[in-house]
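> Compute the structure for the input listed below.
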Amino acid sequence: MSWTDERVETLRKLWLDGHSASQIAAELGGVTRNAVIGKVHRLGLSGRGQPTSSIKRVRRPRQATHRRQPRTRTIGNTALKLDYDIAAHADLRPLDDVVVPIAKKLSIEMLTERTCKWPIGDPTQDDFHFCGHDSLESAPYCEYHARVAYQAPEPRRRQRRAAFG
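All right, here's what the predicted structure looks like:
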């Protein structure tokens with residue numbers, strides 16, 4: 001397809017009338033939208049008439065009930081900043097009579113249904129082992145590790161709220 005004088009005049013007229021490049025390409029036939037845009041730029045047809053659809057959007061006014069709360073601003077990197085308030089307000093359950101067990105250092109082959117399966121160390125290292133103490137009937141862990149593993153959701157929520165206030 002070549003741009004004849006006739007096709008260029010049709011392009012120029014449709015462009016100045018406000019037709020889109022897709023509409024012009026469909027009218028000319030055998031030409032893509034991108035070819036029309038390229039020809040328009042080569043011809044220097046930057047000015048346009050009024051577009052065919054001149055519907056103006058009406059913006060709705062914002063409601064006063066949806067105002068954002070002002071946020072406190074911080075300056076600098078606060079990721080490594082020590083936050084002493086979190087530790088002071090933390091609601092940790094005391095481990096009254098539970099003593100941290102010294103691991104029996106069982107390998108995975110030595111574990112049974114009655115032994116604590118709390119992993120200790122890095123599994124890729126040679127010194128990796130499991131706790132090995134007697135487990136509770138309802139959990140795979142001993143009493144100490146069960147208290148560490150199973151925390152009630154409410155204290156954790158309070159800690160998160162205190163941290164992110």
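> Could you chop this structure up by domain?
Using automatic domain parsing, the domain parsing of the chain gives 5-43, 84-164.
> mean pLDDT for these: which is lowest?
Note on the domains of the chain: lowest mean pLDDT is at domain 84-164, with a mean of 75.
> Which residues are in contact with W118?
Going by CB atoms under 8 Å, 6 or more residues apart in numbering, W118 touches 130-131, 141-142, 145, 149. No exception for glycine: its C-beta is placed from N, CA and C like everyone else's.
> before we move on, the earlier item: can you tell which of the domains of the chain is closest to P61?
When the domains of the chain are compared by CB to CB, domain 5-43 sits nearest P61, at 31.1 Å.
> what's the first-to-last distance across the closest one?
12 Å (CA to CA, to the nearest Å).
> go on, stretch 128-140?
Stretch 128-140 end-to-end distance (CA to CA) = 18 Å.
> can you check stretch 16-29 too?
19 Å.
> buried set for it?
Of all the residues in stretch 16-29, those buried under the rule 16 or more other CB atoms under 10 Å are 19-21, 23-25, 28.
> Just name the closest of those to H41, please.
In terms of CB to CB, no member of the buried residues of stretch 16-29 lies closer to H41 than A21, at 10.7 Å.
> Run through the residues that contact the closest one.
Here A21 is in contact with 33-34, 36-37, 40 (CB under 8 Å, 6+ apart).
> and the contacts of W118, which of them are in helices?
With DSSP state H as the criterion, helices contain 145, 149 from among the contacts of W118.
> I figured K105 was touching H129, is that so?
Yes: with contact defined as CB atoms under 8 Å, K105 reaches H129; the gap is 4.2 Å.
> Could you tell me which residues touch both of those two?
Here K105 and H129 have I120 as joint contacts, going by CB under 8 Å, 6+ apart.
> Looking at those two, which is more packed in?
Set K105 next to H129 and count neighbours by other CB atoms under 10 Å: H129 wins out with 18 against 14.
> Run through the bridge partners of that one.
The partner list for H129 in beta bridges (DSSP bridges) reads I120.
> so how far is A146 from K117?
To A146, K117 is 11 Å away according to CB to CB, to the nearest Å.
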